[in-house]
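Q: sharing a model prediction with you, sequence too.
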Amino acid sequence: MDLFPIVLTVHLLLAIGLVGVVLLQRSEGGALGIGGGGGVLTGRAAGNLLTRTTAVLAASFFVTSLILAVLANSHNKKVETPFDNLPTQAPAVGFPQTDAPQPALPAAPLGK
């Protein structure tokens, strides 16, 4: 059984849940939060619940990220590409193969 699609689905659900929980939290300063004023969840207990939920979702997101990285690495041990079978030096197309003389090196400058 292939675990990659299952872990990927859980990972995406965690990402969506994490975004939702962060947006539900009350803004401490500035006007950056959506639920800055009052809302459905107010009070210290709701804040603690959202903080703990955010921590659990973030830790789970991190773990599924690591699992996905390990699974992706184990799936692609050696992938053969079309470029693996090419010759190391391709002949030049349209130019004759000649042994042209090399240009001379520049002379050293003479003193004043």
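A: The structure has been received and is ready for your questions.
Q: what stretches of the chain score poorly on pLDDT?
A: Under the criterion of pLDDT under 70, the regions of the chain flagged as low confidence span 1, 27-46, 75-80, 89-98, 100, 111-112.
Q: which helix runs longest in it?
A: Among the elements of the chain assigned as helix by DSSP state H, the one spanning the most residues is helix 44-75.
Q: show me what that one is packed up against.
A: helix 4-24 (3 or more C-beta pairs under 8 Å, 6 or more residues apart in numbering; DSSP states H and E). Where you see a C-beta, it was placed from the backbone N, CA and C, and this is true even at glycine.
Q: who does the helix it packs on touch, helix- and strand-wise?
A: Taking 3+ C-beta pairs under 8 Å, 6+ apart as the contact cut, helix 4-24 packs with helix 44-75.
Q: coming back round to it: the longest helix of the chain: which residues count as buried?
A: Taking 16 or more other C-beta atoms under 10 Å as the neighbour-count basis, helix 44-75 is seen to contain the buried residues Leu50, Thr53, Thr54, Leu57, Ser60, Phe61, Thr64, Ile67, Leu68.
Q: can I get these in TSV with distance to Ser74?
A: Conversion of those to TSV gives the following (distance: C-beta to C-beta, whole Å):
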residue	distance to Ser74
Leu50	36
Thr53	32
Thr54	31
Leu57	26
Ser60	21
Phe61	21
Thr64	15
Ile67	11
Leu68	11
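Q: give the contact list for the residue nearest to Thr53 when sequence neighbours are not counted.
A: Ranked by C-beta to C-beta, 6 or more residues apart in numbering and with sequence neighbours excluded, the top spatial neighbour of Thr53 is Val21, at 5.2 Å. Counting by C-beta atoms under 8 Å, 6 or more residues apart in numbering, Val21 touches Leu50, Thr53, Thr54, Leu57.
Q: tell me the spacing between the residue nearest to the last one when sequence neighbours are not counted and Ala55.
A: In this case it means Leu57. Nearest in space to Leu57, with sequence neighbours left out and distances taken as C-beta to C-beta, 6+ apart, is Leu18 at 4.5 Å. Distance of Leu18 to Ala55, computed by C-beta to C-beta, to the nearest Å: 10 Å.
Q: check Phe62 too.
A: Phe62 sits 11 Å away from Ala55 when distances are taken as C-beta to C-beta.
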